[in-house]
Structures are given as structure tokens and as C-alpha cells.
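K.L.:
Following is a predicted model, sequence given first.
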Amino acid sequence: MHVDLDQFLAAVEVRRRPELAGRPVIVGGDGDPGRRRQVVATASYEARAFGVRSGMPLATAARKCPDAVFLAHDRPAYDEASAAVMATLRTFPVVVEVWGWDEAFLGATTDDPEALATDIKARVFDETSLTCAVGIGDSRLTAKTATGFAKPGGTARLTRSRWFDVMGERPVTSIWGIGPRTADRLKQLGVRTVRELAAADLAQLRSTFGPAVGGHLKVLGRGGGDGPIVDEPWVARSRSHEQTFERDVAAPEEIEAHVARMAKAVTGEVAAEGRVVTHVAVKLRTSTFFTRTKIGKLPEPTTDPDAVAAHARVVLSRFQLGRPLRLIGVRVMLDMNVDP
DNA sequence: TCTGGGGTCCTAGGACCC
DNA sequence: TCTGGGGTCCTAGGACCC
């Protein structure tokens, strides 16, 4: 089963401000639609009715829906709400595999999955006042796809036996994991629909997309693989901070100061969690949206923020600076051989 | 509609080694 | 002589997701 909270960020905000119920609510950035370079994280269904979508600039959202309530992104609140939901899911006799803030795959054995879904939705609502949709399937992909039909708040079932009836004539982009780029390349091979992907020549897929991706695409076309749902806590591979500035940053010393600050902050966070940094990457985006990342391996793994900051400066020095930057980011790669 | 922040995984190609 | 085949490590970049 796949559980997906409805309009998660907006729902958490409405929960603590009940007077907003039924109103268009837009969460994103610092909640000021007058600021530039901020986008919608989540819009409530009422706001979506005006055409507001995730990823849209706040100013655009304000134009489409002038009466919307704009709220700042509040990560700690969503972390807490998410944890409460996941804890509730774990009270059921199922394996819970968390997928981000507002989703989870559940491995369940039951004769009546719809009844289980009803119980899950009821208990999540009782415990957290949040609503969710539940998809039932026999693979991650079928369950996740079913959730799309269940939103908001419902239950839907899709299994591989009915996969082609439901999905066969839809475009390949309706598959979770296939985006517009892959769809374009598939079109070159004459593959447009899910059914065509399932029937596509494996050797041709492999030679076009590489051995792993090519094979995976064919599996997706058939409704997905059957890898087990696991509840082992996720061990992060990396951690990053990035920041888009209201005004471009051009002065090299200023850029360097931002990089050093972010490197120290992100290293401090992961070190506090018992993790060790092996590489540091610097990401820059010019005002023309040209984006480049460079990465360097540290002389030795470390938890020292100053050492990581120093190496981040070395990585930064490999860029040819000069153009004004709209974004600066730092990512640290974590040692996977160190048990947190 | 001038385009966030935080992630993961895969592939290609160069450097280097035997 | 200017070349084969296999392998690892490393970085850049693409693609996708929430």
C-alpha cells in the first residue's frame, strides 16, 4: 500500500489556524509573494482550483489567486507532523517504508486491504487531524499509481493484472520515474504509451539508456518490480544547503564567505548526527540560470567544519567566477562506512 | 510563469595502473 | 615501434522525485 497525505504542508498550516479552512492557502518561501525568486511548495485544493501549482513563482500564484493566504515554509512543523503520521502508521501490523515527508509504502498481508486502508485513514486522522489517500497494489508502482486515483482522501486499488487496462494507453510520463526527457528519447524509438514501453525491444532500450536504466524502464512499463518494502531507517548519502538570493551576488569575497558559511553549517549538522564527511561539492547558478557543480574529495574523511570549509574554498577556486550568481549551494557527501 | 530547496541514482569519460 | 584488454577511482552532468 502507498499512503500519501493530502496537500500536506497546507494541511499542517490549516490545522493550527482553523480559521483558514476552506480558504486558498499557499505555502512557500517566506510567505511574502512580493519577494522575487520564491516558489510555491504546496497549494491547498482551494488554491489549485485557481491554477496554482507547486514550483510556480509566488508572484504568479498571487496573480492567479489574489485572495490566497500566503504562509512561510516551516520545516520544523512539517518534520514533527510527518513523524507523528509515521508513528501512527507503525502502530499497524505492517512494514513502514518512509518516502519523504508525506508518503510511505506499507508492506501488508491482509485479505481485505480496503478495510485496512479505511482503518489507517481513520487512525491517522484521529491522531493527527490529517487526511490521506491510500493506494493498494502489488508493486510500489501499482500502489503509488493507485494513490493518484484515490486523491484526495480516498482508497483505490490497482494490480498488475489490471495494469494495461488502466494504464496501457496512457503516455509513458504517467509512470512514476519517467519524466519528460526520457519520454522524448522513448519517442525517438517509437514508444509513446505504457503498453508500447512494455513491448519495447530490451536490447534497444539498453543501448539507448544504458544497461540498468534500459532494463528498469521495461519493468516500469509492465507495472513495476516486486522489491520488498523495508523499514530500515534511511541512511542519507549526502546533505546540502543552498540559497537563492534576492539580489545576485558577484563579489568573489562575498561568494567565498557564503560557501564557507554553508560548508560549516552543513558539516556541523551531519557531525552532530555522527556522520563523517568525505567530499564537498559547490553549486553555483548564474543570473542566466546556468548551473554548474564541482566536487572534491577531502584529503581524509572529517567532521571538522573548518576543514570542510577550507576544502570547499579549494573547490570554489576551480570555478571561473565573474558572472553574477543567483544561487550558491554546498553539499557534503557522507561516509557510508561509518555507522551513525 | 524568469524558474526553491533537498535529495537519489545512473552514465560517461578521463586518469591511472597492470 | 605506439599498441590490447581489463580494471578502479574520480568528477561532471543528466534525470527524476517530493
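P.N.:
Nice, I can see it. Only a predicted model underlies this, so the values are computations on that prediction, with no experimental measurement involved.
K.L.:
show me what contacts A:Gly179?
P.N.:
Applying C-beta atoms under 8 Å, 6 or more residues apart in numbering to A:Gly179 gives the contacts A:Thr173. The C-beta positions use only the backbone N, C-alpha and C, and glycine is treated the same way.
K.L.:
confidence score at it?
P.N.:
A:Gly179 carries a pLDDT score of 95 in this model.
K.L.:
Can you list phi and psi of it for me?
P.N.:
Main-chain torsions, A:Gly179, degrees, to the nearest 10: phi -100, psi -170.
K.L.:
same thing with A:Lys64?
P.N.:
Note on A:Lys64: backbone dihedrals following degrees, to the nearest 10 are phi -70, psi -30.
K.L.:
How about the residues of the stretch 201-340 of chain A by DNA strand B?
P.N.:
With C-beta under 7 Å from any atom of the strand as the criterion, the stretch 201-340 of chain A meets DNA strand B at residues A:209-214, A:236-244, A:288-289, A:326-327, A:329, A:331.
K.L.:
List buried residues within these.
P.N.:
Buried by 16 or more other C-beta atoms under 10 Å: A:209, A:214, A:238-239, A:241, A:244, A:326-327, A:329, A:331, out of those.
K.L.:
In three-state terms, label the spatially most central residue of chain A for me.
P.N.:
Central residue of chain A (C-alpha atoms, centre = their mean): A:Gly100, 6.5 Å from the mean position. Under the three-state scheme (DSSP: H, G, I helix; E, B strand; the rest coil), the conformation of A:Gly100 reads as coil.
K.L.:
same question, A:Trp234
P.N.:
The local conformation at A:Trp234, judged by three-state DSSP, is coil.
K.L.:
Now it: closest residue in space, sequence neighbours ignored.
P.N.:
Distances taken as C-beta to C-beta, 6 or more residues apart in numbering put A:Val98 closest to A:Trp234, at 6.9 Å, once the chain neighbours are dropped.
K.L.:
show me what contacts the residue lying closest to A:Arg285 once chain neighbours are set aside?
P.N.:
Counting by C-beta to C-beta, 6+ apart, A:Leu327 is the residue found nearest to A:Arg285 once chain neighbours are left out, at 3.7 Å. Contacts for A:Leu327 (C-beta under 8 Å, 6+ apart) come out as A:242-245, A:283-285, A:291.
K.L.:
at 7 Å what do you get?
P.N.:
With contacts defined as C-beta atoms under 7 Å, 6 or more residues apart in numbering, A:Leu327 is in contact with A:242-244, A:284-285.
K.L.:
Are we agreed that it is in a strand?
P.N.:
Yes. Secondary structure of A:Leu327, determined by three-state DSSP: located in a strand.
K.L.:
Show the pLDDT at the residue nearest to the centre of chain A.
P.N.:
In the predicted model, A:Gly100 carries a pLDDT score of 91.
K.L.:
what about it, distance to DNA strand C?
P.N.:
A:Gly100 sits 4 Å away from DNA strand C, taking C-beta to the nearest atom of the strand, to the nearest Å as the criterion.
K.L.:
All set now, cheers.
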